[in-house]
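**Q** Based on what follows, work out the 3D shape:
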Amino acid sequence: MDKEVMSLRLSYRVLLRREPEGGYTVVVPSLPGCVTYGETIEEAIAMAREAIELYVESLREHGEEIPTEEGTLEYMLTVETHA
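**A** Numbers count the residues shown, from 1 in each chain. Next up, the predicted model:
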């Protein structure tokens, strides 16, 4: 008998950082270690989508809890530094 597969729609914030040598590194803060790269913003987003899907699939296969963004607060701080 086939195992029933439930489909969930999960949303994750991704942070893109332009790299000095070109391209963009993408980090998914809610999924520790979920980092990828793309030459363009569009490619970086596509790679992030794939990385998230594989990450969540691995968690499911190992019976681990799937992190969500629920309860996550985001705030940007600006600090002044002295040289």
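**Q** Next one: Gly22 from Leu16, what distance?
**A** 13 Å (C-beta to C-beta, to the nearest Å). C-beta coordinates here come from the backbone N, C-alpha and C atoms, glycine included.
**Q** And those two? Which one has more around it.
**A** Between Gly22 and Leu16, counted using other C-beta atoms under 10 Å, the more crowded position is Leu16 (16 against 8).
**Q** Hmm, Glu43 and the more buried one touching each other?
**A** No - counting by C-beta atoms under 8 Å, Leu16 does not reach Glu43; the two are 10.9 Å apart.
**Q** Where does pLDDT dip in this structure?
**A** Applying pLDDT under 70 to the chain flags the ranges 1-6.
**Q** repeat that with 50
**A** Residue ranges of the chain with pLDDT under 50: 1.
**Q** For the most centrally placed residue in it, which non-adjacent residue is closest in space?
**A** Nearest to the mean C-alpha position of the chain, by C-alpha atoms, centre = their mean, lies Val28 at 2.5 Å. Leaving aside its chain neighbours, Val28 sits nearest to Cys34 (4.0 Å; criterion: C-beta to C-beta, 6 or more residues apart in numbering).
**Q** how many neighbours does the one you found have?
**A** Neighbours of Cys34 (other C-beta under 10 Å): 19.
**Q** do the same with Arg18
**A** Counted with other C-beta under 10 Å, Arg18 comes out at 10.
**Q** so who does it touch?
**A** Tyr24 (C-beta atoms under 8 Å, 6 or more residues apart in numbering).
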